[in-house]
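> when you get a sec, could you give me coordinates for this:
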Amino acid sequence: MNGQSQLAAYVGRIGKFDEQETVDFIKVFKEVKVKKRQFIVQPGFTAQHRYFVVKGALRAYVIGKGGEEHTIQLGVEDWWISDYNSYIYQQPATMFVIALEDGILLQVSHDDESKLKSSSHKYETFFRTLAERSTASMQRRIIASLTQSAEERYEYFLETYPLLAERMPQYVVASYLGMTTEFLSKIRNKRLPKKGSS
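Below you'll find the model as predicted:
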């Protein structure tokens, strides 16, 4: 399945587009290839695109005053990623978005997305649905960070995203869950079966 077919399958699950509407939607997306450690968004530069991940893994993060990295969002196949505050309001980005693996993305520009939404309420509804899902997901993360222990957050992550937990570097998972890599290592070691146990 190529990138456009993958996006068509995705919008078929969420949008209520007919065949021509799907064609018109997909044709404004441009395929881009990224290399591991390549930045697609950097602070100070306005994010011009929203990205659909065809293949690969990406990470959006900010750097604190002490130099610590805080992962805000992850992106793998069939997920979307960008610095949304920068993209939506067309103002300088505050996040880095970097490829963790070589990958293929489909990007849509802010102008083309605006034109899509103006041309059809179906397209507008599609992007609103993306925004609603993203908002709900972010709310769950905030609530978890305020009400759950580090161990509980890690257990939930393993249950919800088992393949992601295997695929992401440990420092990324730790940063995403709001803990140090060392603390995550302790949690993981506690979960390992003791030698000699059945």
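> ranges for the helices of the chain?
Taking DSSP state H as the test, the helices found in the chain are 3-14, 19-26, 84-89, 110-119, 121-147, 150-160, 162-167, 170-176, 181-191.
> for these, which one sits closest to residue 65?
In terms of Cβ to Cβ, the element of the helices of the chain nearest to residue 65 is helix 170-176, at 15.6 Å. All C-beta spots, glycine's among them, are computed from the backbone N, C-alpha and C.
> show me what that closest one is packed up against.
Packing contacts for helix 170-176, counted by 3 or more Cβ pairs under 8 Å, 6 or more residues apart in numbering; DSSP states H and E, involve strand 69-75, helix 150-160, helix 181-191.
> send over it as CSV, restricted to the C-alpha atoms.
Output of helix 170-176 as CSV, limited to C-alpha atoms (Å, rounded to 0.1, in the frame of the first residue of the first chain):
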residue,chain,number,x,y,z
GLN,A,170,13.7,4.3,26.6
TYR,A,171,14.6,8.0,27.0
VAL,A,172,11.7,8.9,24.8
VAL,A,173,9.2,6.8,26.7
ALA,A,174,10.5,8.2,30.0
SER,A,175,10.2,11.8,28.8
TYR,A,176,6.7,11.1,27.4
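> what is the neighbour count of residue 127?
Look at residue 127: counted by other Cβ atoms under 10 Å, it has 17 neighbours.
> residue contacts, it?
Contacts for residue 127 were tallied using Cβ atoms under 8 Å, 6 or more residues apart in numbering; they are 113, 116-117.
> I'd like the residues you listed as a markdown table, with pLDDT and neighbour count appended.
Formatted as a markdown table, the contacts of residue 127 follow (pLDDT from 0 to 100; neighbours: other Cβ atoms under 10 Å):
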| residue | pLDDT | neighbour count |
| --- | --- | --- |
| 113 | 98 | 19 |
| 116 | 97 | 19 |
| 117 | 97 | 16 |
